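Novice: Sequence and computational prediction follow.
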Amino acid sequence: MVTYFKEILTGFYSLLAGMAVTIKYFVKPIVTVQYPRQKLSMSPAYRGHTEFVLDLETGTHRCIACEMCARICPSQLITVEGVKIDPKKKVPRKYVIEYQYCSLCGLCVESCPTKALKFSEEYRLAGFSREDCVVDLLARLQAQQQRAGLAVTPRPEARREEGEAKPEGEVKG
Amino acid sequence: MHEPGQEEKTYVLNFGPQHPSTHGVLRVELQMEGEFITKAAPDIGYGHRGHEHMAENRNYQQFLPNMGRVDYLHALAYNQGYCMAVEKLTGLEVPERAEFIRVITAELNRIASHLLWVGAYLLDLGAFTPFLYCFDDRENILDLLDRVTGSRLTYCYYRFGGVPKDIDDEFMAGCRAFITRLRGRFKDYDDLVTKNIIFIKRTRDIGVISKEQCVRYGLTGPMVRGSGIPYDIRKSEPYSVYPRFDFEIPIGERGDIMDRYLVRIREMAQSLRIIEQALDKLPDGPIMAEKVPKRIKPAAGEVYQAVETARGEFGCYIVSEGDIKPYRIKLRVPSFGNLSILPEIAVDTLVADLVAILGSIDVVVPEIDR
Ligand code: SF4
Ligand code: SF4
């Protein structure tokens, strides 16, 4: 009988002790953020989709269309089509990622020999269709250049020299 | 509804796969006699993605992001297990600093996993408030890990031969602040949960697992430690730089839910100790081994590497045939073994207790299904 009442008392006390914790935090500062009205800044390492690094010295990207990134990508979602603009230099004519398959592993960024890629800070990445998630990195770079007031890199024409094999753009499979 | 002349049948109850208090998509088929369970049969496989098969048709690096998605709550331990297995296979040496960074981040991730478990488990039992505090604390860890790994949940951070990004002073300061903060919070958790009469009534002497059962079912992690067996891969088969740190393996006495809960809480405190020591001893130096080949092409052979995740022993078994792709990767996941004991301990309990028992196993269903 005594233990019965003792249990009720200690039990009741334990509930009060728990309540005290809640009250303690009730008067502490708010820790949540009212998202659409308040925004947090992204951490420096945040991984959005990939984008070209805008090299401020040359005013354009550093990609040499070597397709290292396309080859290492686990989901094979990068499509690079290169074109030779002179015998030594190759630039991408098309660089498209299908972001919906990206696992944000960072292997493409690390494998790039010219460090031409980085992760963007884009986080509003939801879309209504699959096409909404396809990102054209060249178009994105052009927009970036415009905003920075730099000369826009034109998209090189597909030019095939005699005897040269068809550029292997589709690296899938 | 019994009509005269009809014989009494056992009642079959489907617990899940969409039940709010199961975790992920796990279905447990229960045979009931009144309120009591006579048979419980877990039905798994809803989240099967074929990770092991995926490994066979991609090269070693390309399998890295998969490791963040097997057990999404303690992804860094899986990263570590897989990287260490491949490093063993190829004979890559990991620089000391990288090992320390791995330990710090993996331990932070372990705390995050336990915090999520505490929050979600108490939610199962009907306590809503602790959940918010746990997630508040966990958010701190996610912010810290976000700074170095770039992701908040499905990490893909370790590489063969080290880590790709160094930690900075801000991260270290953040870690130290977090250690102080969480230590101060343990008392609140104690007042709020451990001493709470409702919690005690629902967990004391419920779902008892004996030592003998633990061994028979091959349980690992807090399940086996809750029953009083101090088995932790970090101590029993030390890997990485764990032998250099001073920490204890908390164990329970009775093997009931309460003990498993306490083991996890105390483990968080031990993880904090490890992080603190690792921050103090953090050596300078490179974070990536020199001469990591662009293409990992190990010689033919096989290797097994086990690590301790928040749920128990994760083992990565790789068979190589000297190709750039592994011939076979087998993942030994802790939750699969841990869940296998459910049919035995669920018998003759109430449905409400089943929720408590199932939660205390801390299953991560994608990990079981793989
Ligand atoms: S982004 Fe880098 S790796 Fe990819 S094609 Fe361009 S230069 Fe090569
Ligand atoms: S982050 Fe990984 S998955 Fe995404 S594009 Fe780069 S390599 Fe492919």
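Specialist: Sure, I can see it. Ligands and ions are numbered 1, 2, ... in the order given.
Novice: List the buried residues in stretch B:90-109.
Specialist: When burial is assessed from 16 or more other C-beta atoms under 10 Å in any protein chain shown, stretch B:90-109 yields the following buried residues: B:90, B:92, B:94-109. C-beta: built from backbone N, CA, C; applies to glycine.
Novice: now the end-to-end length of stretch B:334-353.
Specialist: 22 Å (C-alpha to C-alpha, to the nearest Å).
Novice: how far does that stretch sit from the chain's center?
Specialist: 18 Å (C-alpha atoms, centre = their mean, to the nearest Å).
Novice: Okay, buried residues for that stretch please.
Specialist: Buried residues in stretch B:334-353 (16+ other C-beta under 10 Å): B:334-342, B:345-346, B:349, B:353.
Novice: Take the buried residues of stretch B:90-109 and keep only those in helices.
Specialist: B:90, B:96-109 (DSSP state H).
Novice: just those residues now: which is nearest B:Arg254?
Specialist: B:Glu107 (27.3 Å; C-beta to C-beta).
Novice: Could I get the contacting residues of that closest one?
Specialist: B:271, B:274-275, B:278 (C-beta atoms under 8 Å, 6 or more residues apart in numbering or on different chains).
Novice: again, only this time at 6 Å
Specialist: Counting by C-beta atoms under 6 Å, 6 or more residues apart in numbering or on different chains, B:Glu107 makes contact with B:271, B:274-275.
Novice: I'd like to know how many residues surround the nearest residue to B:Phe135 once chain neighbours are set aside.
Specialist: Of all residues not flanking B:Phe135 in the chain, B:Gly119 sits nearest, at 5.7 Å (C-beta to C-beta, 6 or more residues apart in numbering or on different chains). Applying other C-beta atoms under 10 Å in any protein chain shown, we find 22 residues neighbouring B:Gly119.
Novice: Touching, B:Gly119 and B:Cys134? I think so.
Specialist: Yes - counting by C-beta atoms under 6 Å, B:Gly119 touches B:Cys134, with 3.3 Å between them.
Novice: ok, residue 39 - contacts?
Specialist: This is for chain A. Going by C-beta under 6 Å, 6+ apart, A:Lys39 touches no other residue.
Novice: actually it's chain B I care about, not the one you picked
Specialist: Contacts of B:Lys39 by C-beta under 6 Å, 6+ apart are B:Gln31.
Novice: Tabulate the CA atom coordinates of the helix or strand encompassing it in PDB.
Specialist: Using DSSP states H and E, B:Lys39 sits in strand B:36-43. C-alpha atoms of strand B:36-43 as PDB (Å, rounded to 0.1, in the frame of the first residue of the first chain):
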ATOM      1  CA  PHE B  36      -1.900 -10.700 -27.300                       C
ATOM      2  CA  ILE B  37       0.500 -11.600 -30.100                       C
ATOM      3  CA  THR B  38       1.000 -15.200 -30.800                       C
ATOM      4  CA  LYS B  39       3.200 -14.900 -33.800                       C
ATOM      5  CA  ALA B  40       5.000 -12.000 -35.400                       C
ATOM      6  CA  ALA B  41       6.600 -12.400 -38.800                       C
ATOM      7  CA  PRO B  42       8.500  -9.400 -40.200                       C
ATOM      8  CA  ASP B  43       8.100  -9.100 -44.000                       C
END
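Novice: any idea of the mean pLDDT in that strand?
Specialist: Average pLDDT, strand B:36-43: 85.
Novice: Might you quantify the distance of that strand from its chain's geometric centre?
Specialist: Distance, centroid of strand B:36-43 to centroid of chain: 24 Å (C-alpha atoms, centre = their mean).
Novice: burial count for the residue in chain B positioned nearest to ligand 2?
Specialist: Nearest residue of chain B to ligand 2 (C-beta to the nearest ligand atom) works out as B:Pro65 at 6.5 Å. Around B:Pro65 there are 23 other residues, counting by other C-beta under 10 Å.
Novice: any idea how far it lies from B:Phe336?
Specialist: B:Pro65 sits at a distance of 22 Å from B:Phe336 (criterion: C-beta to C-beta, to the nearest Å).
Novice: Also A:Ala143?
Specialist: 48 Å.
Novice: Might one say that B:Arg311 is in contact with B:Pro334?
Specialist: Yes - B:Arg311 is within contact range of B:Pro334, at 4.3 Å (criterion: C-beta under 6 Å).
Novice: thinking B:Pro222 is in contact with B:Val263, fair?
Specialist: Yes - assessed by C-beta under 6 Å, B:Pro222 is found in contact with B:Val263 at 4.7 Å.
Novice: circling back: filter the contacts of B:Glu107 to the buried ones?
Specialist: B:271, B:274-275.
Novice: who's more crowded, B:Pro222 and B:Val263?
Specialist: B:Pro222 (31 against 22).
Novice: okay, the more buried one: pLDDT?
Specialist: 88.
Novice: wait, what's in contact with it?
Specialist: B:260, B:263-264.
Novice: any idea how far chain A is from the residue in chain B that ligand 1 sits nearest to?
Specialist: Nearest residue of chain B to ligand 1: B:Lys294, at 12.0 Å (C-beta to the nearest ligand atom). Between B:Lys294 and chain A the distance, using C-beta to the nearest C-beta, to the nearest Å, works out to 8 Å.
Novice: B:Lys9 too?
Specialist: Using C-beta to the nearest C-beta, one gets 40 Å for the distance from B:Lys9 to chain A.
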